[in-house]
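Asks: model this:
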Amino acid sequence: MRFLASRVSLLIAYLLAGALVGVVLIHPAVLVIVWVEVSRLSPEAPALGDFLSDRLLLLVVPRHLHMTLAFAAIGAVVGLGFGIATRSYLEATRGLRFFREIHGEEIPALIAGGETADVEFKSTMRWDLKEDRVNKALETVIAKTIAGFFNARGGRLLIGVADDGSIVGLEKDYTTLRNPGRDAFEQTVVGIITKFLGGDLCPGIQTTFAEIDGHDVCMILVQPAPRAVYLNDGGKLRFHVRSGNSTRQLDLREAMDYARTRWP
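Replies: Residues are numbered from 1 along each chain as shown. This next block holds a predicted model:
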């Protein structure tokens with residue numbers, strides 16, 4: 001009850017603030033537009049200052065009260081809309097921050113549990129540890145795993161973790177980015193999905209990071225896809241699905257049979 005009262009009080013404050021804005025800002029702005037039009041039509045139009053002062057003084061005249069109320073109402077609507085939009089944005093931001101905090105804390109436990117049907121480890125995104133160089137072909141491996149989760153029931157891909165659960169970190173991958181860091185890494189993941197799987201699927205993932213043993217680890221939470229997801233591998237479409245603790249490619253017949261049952 002107290003929360004509801006607080007929320008109503010805040011919305012009333014937005015209404016009142018908006019009403020004030022309507023009278024002291026929106027009304028004069030409209031008058032300026034009117035003066036511009038009048039001055040274009042009549043060379044004898046009064047100066048802008050005189051025009052504004054004469055019309056604004058009418059706001060305190062009782063028979064012109066309806067004009068004051070009209071602009072107050074317009075401002076109140078604007079203020080209420082701004083308040084609702086602001087609260088929605090703050091709640092969405094708070095929810096995303098909460099998601100990242102909760103799932104960031106989940107990462108060590110997932111690593112300790114090892115790879116499963118809905119958890120996969122990858123050491124890097126594009127840095128070849130064996131050849132000690134950038135190997136963008138590894139991005140296809142990342143896309144294949146994400147596609148497998150999309151086509152199954154979703155899952156979690158942890159990058160920066162070796163198959164045995166040891167922490168590799170993202171530092172080598174960071175050096176391949178124009179702006180090394182978490183934000184650029186996340187943007188690169190989105191770019192991989194867009195390139196290999198389709199940009200419409202990007203809202204189906206969320207990324208979060210955790211620092212473990214002094215190294216960054218990224219977790220990509222993949223939601224089940226609303227459609228069959230094909231990996232575009234050099235112009236060839238391939239269908240992958242999660243099977244046990246690995247990702248398997250299906251042939252055409254298998255893919256069609258699977259899609260019929262998965263998306264009836």
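
Asks: What about this structure, which residue is the most distant from its middle?
Replies: Centroid-distance maximum for the chain: E44 at 54.7 Å, with CA atoms, centre = their mean.

Asks: need the contact list for it.
Replies: Applying CB atoms under 8 Å, 6 or more residues apart in numbering, we find E44 in contact with no residue. Placement of C-beta: from N, CA and C, glycine included.

Asks: any idea how far it lies from V8?
Replies: 52 Å (CB to CB, to the nearest Å).

Asks: Which residue ranges of the stretch 51-200 of the chain form strands?
Replies: For the stretch 51-200 of the chain, applying DSSP state E, counting those that start in this stretch gives strands covering 119-122, 127-128, 133-134, 155-159.

Asks: Output the ones you listed in CSV, with mean neighbour count and distance to T176 appended to each entry.
Replies: Output for those, formatted as CSV (neighbours: other CB atoms under 10 Å; distance: least, CB to CB, whole Å):
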stretch, mean neighbour count, distance to T176
strand 119-122, 21, 15
strand 127-128, 18, 6
strand 133-134, 13, 5
strand 155-159, 22, 13
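
Asks: can you redo those strands as CSV with mean pLDDT and distance to M67?
Replies: CSV is the format used below for those (pLDDT from 0 to 100; distance: least, CB to CB, whole Å):
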stretch, mean pLDDT, distance to M67
strand 119-122, 96, 65
strand 127-128, 94, 67
strand 133-134, 94, 67
strand 155-159, 95, 60
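
Asks: Among those strands, which comes closest to I107?
Replies: Of all the strands of the stretch 51-200 of the chain, strand 155-159 sits nearest to I107, with 6.7 Å by CB to CB.

Asks: what's the burial count for V21?
Replies: Look at V21: counted by other CB atoms under 10 Å, it has 19 neighbours.

Asks: same question but for E105, I mixed them up
Replies: 11.

Asks: Could you tell me which residues make contact with the closest residue to E186 other than its chain neighbours?
Replies: Once flanking residues are discounted, E186 sits nearest to T207: 4.8 Å by CB to CB, 6 or more residues apart in numbering. T207 sits next to E186, V189, C218, M219, I220, L221 when contact means CB under 8 Å, 6+ apart.
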